[in-house]
Structures are given as structure tokens and as C-alpha cells.
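# Need the 3D shape of this:
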Amino acid sequence: MINANELFDKAVEMEGSDLFVVAGLPATIRAAGKLEHIGTEKLTASDTRALVEQIYTLAGDRSLEKLLHTGDDDFSFAIPGLSRFRVSAYKQRGALSAVIRTIAFSLPAAAELGIPANIMNCTDFSKGLVLITGPAGSGKSTTLACLIDQINKTEEKHIITLEDPLEYLHRHEKSIVSQREINADTNSYITALRAALRQSPDVVLLGEMRDYETIQVAMTAAETGHLIFSTLHTLGSANTIDRIIDVFPASQQAQIAVQLSMVLQAVICQQLVPTVDGKMAPVFELMTVNQAIRNMIRDTKIPQIDGIVYSSTTEDMMSMDSSLLKLYNEGRITAETALTHATNPEMLKRKLN
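Next comes the predicted model:
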């Protein structure tokens with residue numbers, strides 16, 4: 001049977017984003033959005049257990065106790081000379097399984113990854129809340145890492161990252177970078193975030209805003225002069241703002257809308273779309289919060305925000321459909337791909353024609 005080391009080598013060689021070890025199928029790699037089986041032999045429950053045990057050994061002889069006790073375990077580790085890996089191990093119909101995300105040791109330049117300059121300009125804010133949103137696997141972590149890397153290389157700041165688990169590792173450049181892993185270095189996001197405010201941070205990367213308590217502390221931190229970057233699994237600026245407000249009890253929502261209107265600086269939404277050459281490219285929506293948008297958030301006229309983003313022609317606003325149209329005009333994606341991922345397919349269809 002193929003071993004874990006060989007699977008990791010294969011995943012990196014194929015430039016795969018994810019490796020799946022699940023009973024009932026051969027080991028499978030997701031590359032350029034497509035699932036490729038490694039061989040034809042289906043893995044049994046004993047095969048997947050053996051592979052998962054090998055993965056835990058590669059991760060510094062990590063104990064399986066948490067996985068066996070709770071049914072879930074998340075961690076990251078590196079294989080020198082190959083890559084970093086983020087592992088989500090779990091039980092599936094009683095068998096041990098794992099999905100492994102590959103993470104390059106070094107970040108390519110933002111332009112090489114297809115991240116436009118106006119997205120990278122979000123590092124210019126000195127305080128407030130910047131959200132990177134999109135579905136799982138859309139490249140949010142990579143965009144966040146590029147933003148942090150730019151601040152690290154160009155400004156003298158103290159950057160604290162709170163992640164579950166750690167993905168990209170940042171060396172100290174012009175900035176000091178403290179990277180904390182939830183469960184390994186601290187108990188929870190909320191504990192770590194409260195502690196971070198006493199650690200003289202200028203920039204805080206909060207891996208995920210999971211509940212209203214974490215969101216509340218993040219907004220308070222943004223209000224008191226810190227720059228906070230975080231992620232949400234939403235698509236569209238208006239949806240993102242609605243999601244944050246809806247997390248809170250009804251009695252607090254008006255107050256939260258006012259607070260959010262003051263601290264929110266930008267919402268970046270992103271998706272990965274297949275290109276004509278069989279690769280994946282990111283497409284973005286950017287909403288930079290101006291006074292008109294602040295008023296809409298405060299007055300709960302949030303559905304009007306999408307219209308402002310869609311019709312804007314300025315650099316600090318960019319609709320998802322204009323990003324798709326740009327890739328289509330460059331010949332990098334098909335019309336079908338553009339329409340599949342569009343927020344307003346009818347309007348985009350007229351522009352394509």
C-alpha cells in the first residue's frame with residue numbers, strides 16, 4: 001500500500017490543494033479543482049488508520065488521543081524540503097479519515113497569485129476591521145497571509161496572528177510577528193484575542209470570527225485603534241454585514257450596527273474559478289467603506305450596499321462580476337465559468353455579449 005510520505009510527495013508534485021484519505025476510495029488529490037485518484041485500490045478502514053497513524057508520526061509523533069476521544073483533530077506540520085500541511089483528521093462511519101491541505105513554505109508575490117493592487121492597499125489602514133470572506137477553499141488564508149507579509153516587509157509593527165491551526169509561517173522582517181495556534185498555544189480565539197490586546201499589538205489576524213463574543217471583542221479592538229483582519233464564510237459585502245449583525249441577540253442588533261458602521265474599513269470577497277488552461281484563478285469583490293456605506297449600515301439599509309459596489313467605477317470598489325469580466329476579456333476563463341460564478345448573471349451576460 002502507498003504510504004503517507006509518498007502521498008505527500010505526489011500531492012506537491014501535482015500542485016494539489018488537498019489530499020483525501022477516506023475509506024472506500026483510493027487516496028485522492030484535488031488539483032486545479034478536479035479530484036484525481038492515486039491508483040485504483042480502494043482504501044479499507046485499516047488502510048486509512050495506518051495512513052493516519054503515519055501522518056501523526058510525521059507531525060512529530062503527535063498523540064491520536066484527541067482524535068480517538070472526540071472524533072476530530074486539526075493541526076499543521078512541515079516536511080523539510082517539501083511543504084507545510086494542514087491536517088483535519090476525523091472519524092467517518094467509524095473509520096479514521098483525513099483531509100490534508102498543502103501550504104507552500106514561502107508565499108509567492110501577490111501579483112503572481114492574481115491578487116490585484118487595490119486589494120493589497122487594505123494594508124494602508126491604520127485601524128479598524130478588514131474582512132476577507134468567501135466559501136471554504138477559496139484562498140482566504142492565502143490572501144490574508146499576503147496582506148500580513150506586506151505589512152511585515154514594509155512597516156515597523158507588532159503583528160499577532162491567532163490561527164487554528166497555523167498555516168503560513170512569517171519570519172520577523174521590519175515587523176515583529178507573534179503567531180499563536182489555538183489549542184496548542186492558547187485555549188480559544190476569545191481568550192487569545194483578549195490577551196492580545198495587552199500585548200501591544202498594531203495588527204491582529206483573527207483566523208475566524210466564530211461567535212458573537214469573538215466578534216464583539218474584535219470590534220472593540222478595532223474601535224480602540226488596532227487593525228484587525230479576519231475571515232467569514234460569506235459571499236457578498238451585504239451578506240457579510242447581515243451575518244455579523246444577525247449573530248447578536250435582537251435587542252443588541254441596532255447598537256452593533258452603529259458600532260460596525262464605525263469600525264468596518266473594507267470587505268474583500270473572493271472565489272476561485274477554473275481557467276481555460278486547467279488552473280484556478282482568484283476573483284474578488286472589494287467594498288471599501290465610505291460615509292454613504294457607513295450611513296447605510298447604521299440605518300440598516302444594508303441591501304442597498306450591493307448596488308453601490310456593483311455600479312461603482314472607482315479603484316476602491318470592485319464588483320465580483322467586473323473581476324469575472326476582466327478575466328473573460330483576457331481570455332483566461334470561459335463565458336460559462338463567468339456566468340456560473342456571477343452575482344448578477346443576467347447583467348453580466350449582456351456585457352459578455
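# OK, contacts around the spatially most central residue of the chain?
The centre of the chain sits closest to Lys140, judged by Cα atoms, centre = their mean, with a distance of 2.5 Å. Each residue near Lys140 by Cβ atoms under 8 Å, 6 or more residues apart in numbering is listed here: 132-134, 231, 270. Quick note: C-beta positions are derived from backbone N, CA and C, even for glycine.
# Just the ones of those in strands?
In strands, defined here by DSSP state E, the members of the contacts of Lys140 are 132-133, 231, 270.
# Run through the strands of this structure in chain order.
Ranges of strands in the chain, per DSSP E, are 18-21, 28-31, 34-37, 72-79, 83-92, 95-103, 128-133, 158-163, 176-181, 203-206, 227-232, 264-274, 280-288, 317-318.
# Give me whichever of these is most buried.
Across those, the average number of neighbours (mean count of other Cβ atoms under 10 Å) peaks for strand 203-206, which reaches a mean of 26.
# what's in contact with that one?
By Cβ under 8 Å, 6+ apart, the residues outside strand 203-206 that reach it are 144, 148, 151, 157-163, 175, 189, 193, 196, 214, 218, 221, 226-230.
# mind putting the ones in strands among the contacts of Lys140 in a markdown table, distance to Asp277 and pLDDT included?
Compiled in a markdown table, these are given as follows (distance: Cβ to Cβ, whole Å; pLDDT from 0 to 100):
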| residue | distance to Asp277 | pLDDT |
| --- | --- | --- |
| Ile132 | 26 | 97 |
| Thr133 | 27 | 96 |
| Thr231 | 28 | 94 |
| Gln270 | 20 | 97 |
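# So which of those residues is the closest to Ile241?
Taking Cβ to Cβ as the measure, Thr133 is the one of the ones in strands among the contacts of Lys140 closest to Ile241, at 10.3 Å.
# thinking again about what came up before, if I look at the residue nearest to the centre of the chain, how far off is Thr133?
Going from Lys140 to Thr133 by Cβ to Cβ, to the nearest Å gives 7 Å.
# and for the two, which residues touch both?
Taking Cβ under 8 Å, 6+ apart as the contact criterion, the common neighbours of Lys140 and Thr133 are 231, 270.
# now, the most widely separated pair of the ones in strands among the contacts of Lys140?
Across the ones in strands among the contacts of Lys140, the two members that end up farthest from each other (Cβ to Cβ) are Thr231 and Gln270, 10.2 Å apart.
# so what sits against both of those two?
With contacts defined as Cβ under 8 Å, 6+ apart, the residues shared by Thr231 and Gln270 are 132-133, 140.
# from the residues you listed, which single one is nearest Met1?
Lys140 (34.5 Å).
# returning to what we had before: next, format the strands of the chain as CSV and append distance to Leu58.
Rendered in CSV, the data for the strands of the chain read as follows (distance: least, Cβ to Cβ, whole Å):
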stretch, distance to Leu58
strand 18-21, 13
strand 28-31, 17
strand 34-37, 22
strand 72-79, 7
strand 83-92, 8
strand 95-103, 10
strand 128-133, 30
strand 158-163, 20
strand 176-181, 17
strand 203-206, 27
strand 227-232, 27
strand 264-274, 28
strand 280-288, 27
strand 317-318, 41
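# what's the distance between Ala257 and Ala266?
When distance is defined by Cβ to Cβ, Ala257 is 17 Å away from Ala266.
# about what we covered before: what would the ones in strands among the contacts of Lys140 look like in TSV with distance to Ile305?
As requested, those are exported to TSV (distance: Cβ to Cβ, whole Å):
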residue	distance to Ile305
Ile132	17
Thr133	13
Thr231	19
Gln270	17
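# Show me where the stretch 251-353 of the chain has its helices.
253-263, 291-298, 305-311, 320-329, 335-340, 345-352 (DSSP state H, counting those that start in this stretch).
# got the angle between the longest one and strand 128-133?
Interaxial angle of helix 253-263 relative to strand 128-133 (axes from the mean of the first three to the mean of the last three Cα atoms, to 10 degrees): 100 degrees.
# Show me which positions of helix 253-263 end up buried.
Of the residues in helix 253-263, those buried under the neighbour-count criterion (16 or more other Cβ atoms under 10 Å) are 256-257, 259-261, 263.
# Which residues does that helix contact?
In this structure, residues lying in contact with helix 253-263 by Cβ under 8 Å, 6+ apart are 128-129, 216, 219, 222-223, 241, 244-246, 248, 294-295, 297-298, 300.
# contacting residues around stretch 278-287?
Under the criterion Cβ under 8 Å, 6+ apart, residues 17, 32-33, 113-116, 118-119, 138-139, 143, 236-237, 266-275, 293, 305, 308-309, 316-320, 323-324, 327, 332-333, 341, 343 lie in contact with stretch 278-287.
# Centre of the chain to that stretch, how far?
Distance of stretch 278-287 from its chain centroid, counting by Cα atoms, centre = their mean, to the nearest Å, is 13 Å.
# And stretch 185-204, by the same measure?
For stretch 185-204, the gap between its own C-alpha mean and the chain's C-alpha mean amounts to 19 Å (Cα atoms, centre = their mean).
# With stretch 179-192 instead?
18 Å.
# Quick one: end-to-end distance for it.
11 Å (Cα to Cα, to the nearest Å).
# Quick one: mean pLDDT for that stretch?
When pLDDT is averaged along stretch 179-192, the result is 92.
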